[in-house]
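# let's see this in three dimensions:
(one chain, ligands or ions: 1)
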Amino acid sequence: MQFTPTLTPLTGETLDSLTEKLRVQGEPLFRAKQILDWLYKKRARTWEEMTNLPKPLRAWLAATFDLAPLSLVLNRQSEDVTDKLLLELRDASLIETVIIRAPQEGVGVEHSRKTICISTQVGCAMGCVFCASGLAGLKRDLSAGEIVAQVLQVCYREDARTPRARTELASFDNLVVMGLGEPRANYDELLLALKILNADWGLGVGARRVTISTSGLVPKILRLADEDLGFRLAISLHGATDVVREKIMPVNKAYPLAKLIPAVRAFSEKHGRMVTLEFILIDGINDSLPQAEKLRDIARDLHAHVNLIPYNTVAGLPWKRPSLTRQERFADILRAARISVTLRREKGHEIDAACGQLRLRTEKEREVASAQPPV
Ligand code: SF4
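Residues are numbered from 1 along each chain as shown. The predicted structure follows:
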């Protein structure tokens, strides 16, 4: 389920597909590389900036392609240098893209490691009970062009006067596909987007810098294992036994741990990459010591890294994050077994940090505003 826009997003074109469109148009084929250079290397934001293209070609491009199929609605910045961008698509749907900075000791924020977290769907159909993204269900899949455009939007918003300054400012270290939606449920468009981002004529983002998360769609994990590009894999586990996982993640009914774990093992054996197990700690649900012990066993078996994430409260949902003592006790069980583990500290808790929450709140405000009689 996708939206068909009037103009095709230029960010959804590959070098081959654009070359073919130019050939049909009777244009020299080398123009395709020039156009993509303007988009990805020089970060042009208007057709007029593309000064080495003839005017009639620029006019055809403007009538055919959308240079940026989304726009910035809000940029919420938290004290701990997390930026949450609320972006509006051409059909007025809202998505979130997040920039997470990890300041390094002794250097300024501008030199911190930067991770960009992108969305793949408007909403989500997976129904995890703790998640704001899935609260209103799935509205639609994003196109490859909309997925790529999120990364460019991050580059654009690093306000800079010249293309060179934009390129320098917009450098980032890692890309994680963990925003709104289940990435594997929009597999083909996501893969196309990642190929565009990875290509040398695109943004040149190395596959090792890209992590794709999944709630556990086993057939898609196995399909990703067969791809040549060696992306990294993260599993949203959130429960270390079927009983607990099934309570909070409906996907576990179709793909219980007995199916999920062998698929993850197959992926890491094929690519030789350490997989990450994401585990949101929810008070009284999955934060018990027996859960920590089961998680330790799974992580040891898979040689996986564990990322513990204290729950960010979502308005309207009853779940809470455990106390700091309980979080540390849980992490200690893993540390004692020499499992590679991080316990995430506050990153954006005060800016509707739970994935999808900013979008949900803005949509509600819009609904209320449109229901008001005009004054
Ligand atoms: S946690 Fe991920 S898979 Fe589950 S509902 Fe939220 S966005 Fe979808």
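
# quick one: the helices in this structure?
Remark: helices assigned in the chain by DSSP state H are 15-24, 31-36, 55-64, 144-157, 163-169, 187-198, 218-225, 242-248, 251-254, 257-271, 289-302, 324-336, 357-371.

# which residues does the shortest one contact?
I take that to be helix 251-254. Identification of contacts with helix 251-254 by CB atoms under 8 Å, 6 or more residues apart in numbering yields Met126, Cys128, Ser215, Gly216, Leu217, Gly239, Asp242, Arg245, Glu246, Leu260. No exception for glycine: its C-beta is placed from N, CA and C like everyone else's.

# which among these are in contact with the ligand?
Contacts with the ligand within the contacts of helix 251-254, as defined by CB under 6 Å from any ligand atom: Met126, Cys128, Ser215.

# most surrounded residue in these?
Counting neighbours by other CB atoms under 10 Å, Ser215 leads these with 26 neighbours.

# ok now do it, which residues does it touch?
Neighbouring residues of Ser215 by CB under 8 Å, 6+ apart: Met126, Cys128, Glu182, Ser236, Met249, Val251.

# now the helices of the chain in JSON lines, with mean pLDDT and mean neighbour count?
As requested, the helices of the chain are exported to JSON lines (pLDDT from 0 to 100; neighbours: other CB atoms under 10 Å):
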{"stretch": "helix 15-24", "mean pLDDT": "98", "mean neighbour count": "15"}
{"stretch": "helix 31-36", "mean pLDDT": "98", "mean neighbour count": "20"}
{"stretch": "helix 55-64", "mean pLDDT": "97", "mean neighbour count": "14"}
{"stretch": "helix 144-157", "mean pLDDT": "87", "mean neighbour count": "24"}
{"stretch": "helix 163-169", "mean pLDDT": "51", "mean neighbour count": "14"}
{"stretch": "helix 187-198", "mean pLDDT": "96", "mean neighbour count": "20"}
{"stretch": "helix 218-225", "mean pLDDT": "94", "mean neighbour count": "18"}
{"stretch": "helix 242-248", "mean pLDDT": "97", "mean neighbour count": "16"}
{"stretch": "helix 251-254", "mean pLDDT": "96", "mean neighbour count": "16"}
{"stretch": "helix 257-271", "mean pLDDT": "95", "mean neighbour count": "17"}
{"stretch": "helix 289-302", "mean pLDDT": "98", "mean neighbour count": "18"}
{"stretch": "helix 324-336", "mean pLDDT": "97", "mean neighbour count": "16"}
{"stretch": "helix 357-371", "mean pLDDT": "77", "mean neighbour count": "15"}
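
# would CSV of the ones you listed with distance to Ile99 be doable?
Output for those, formatted as CSV (distance: least, CB to CB, whole Å):
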stretch, distance to Ile99
helix 15-24, 28
helix 31-36, 24
helix 55-64, 29
helix 144-157, 6
helix 163-169, 12
helix 187-198, 16
helix 218-225, 25
helix 242-248, 28
helix 251-254, 28
helix 257-271, 27
helix 289-302, 28
helix 324-336, 25
helix 357-371, 13
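
# the contacts of Ser215: which two are farthest apart?
Glu182 and Met249 (10.7 Å; CB to CB).

# identify the contacts common to the two.
Joint contacts of Glu182 and Met249 (CB under 8 Å, 6+ apart) are Met126, Ser215.

# before we move on, back to that, dump the contacts of Ser215 to a markdown table, plus distance to Phe279.
Below are those laid out as a markdown table (distance: CB to CB, whole Å):
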| residue | distance to Phe279 |
| --- | --- |
| Met126 | 17 |
| Cys128 | 13 |
| Glu182 | 17 |
| Ser236 | 8 |
| Met249 | 12 |
| Val251 | 15 |
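
# any idea how far Lys253 is from Gly26?
Noted for Gly26: a distance of 55 Å to Lys253, by CB to CB, to the nearest Å.

# likewise for Gly230?
Applying CB to CB, the value for Gly230 to Lys253 is 31 Å.

# what does His305 give?
Separation of His305 from Lys253 (CB to CB): 27 Å.

# swap in Leu36?
With CB to CB as the criterion, Leu36 and Lys253 are 44 Å apart.

# neighbours around the closest residue to the ligand within the stretch 251-375 of the chain, how many?
Going by CB to the nearest ligand atom, the ligand is nearest to Cys355 of the stretch 251-375 of the chain, at 6.1 Å. Close neighbours of Cys355, defined as other CB under 10 Å, add up to 23.

# touching, it and Cys128? I think so.
No: counting by CB atoms under 8 Å, Cys355 does not reach Cys128; the two are 10.2 Å apart.

# residue contacts, the nearest residue to Leu15 once chain neighbours are set aside?
Distances taken as CB to CB, 6 or more residues apart in numbering put Trp201 closest to Leu15, at 4.9 Å, once the chain neighbours are dropped. Taking CB under 8 Å, 6+ apart, we find Trp201 in contact with Leu15, Lys33, Leu36, Asp37, Tyr40.

# phi, psi for Trp201 please.
phi -80, psi -10 (degrees, to the nearest 10).

# state the pLDDT value of it.
You'll see Trp201 listed with a pLDDT of 97.

# what residues does this structure put near the ligand?
Counting by CB under 6 Å from any ligand atom, the chain sits next to the ligand at Cys124, Met126, Gly127, Cys128, Cys131, Ser133, Gly134, Gly181, Glu182, Ser215, Ser236.

# top of the residues you listed by neighbour count?
Greatest neighbour count in those, by other CB under 10 Å, goes to Gly181: 30 neighbours.

# quick check: pLDDT value at that one.
88.

# before we move on, what about Ser213?
At Ser213, pLDDT is 93.

# in this structure it contacts Glu278, no?
Yes: Ser213 lies in contact with Glu278 (CB under 8 Å); the separation is 6.5 Å.
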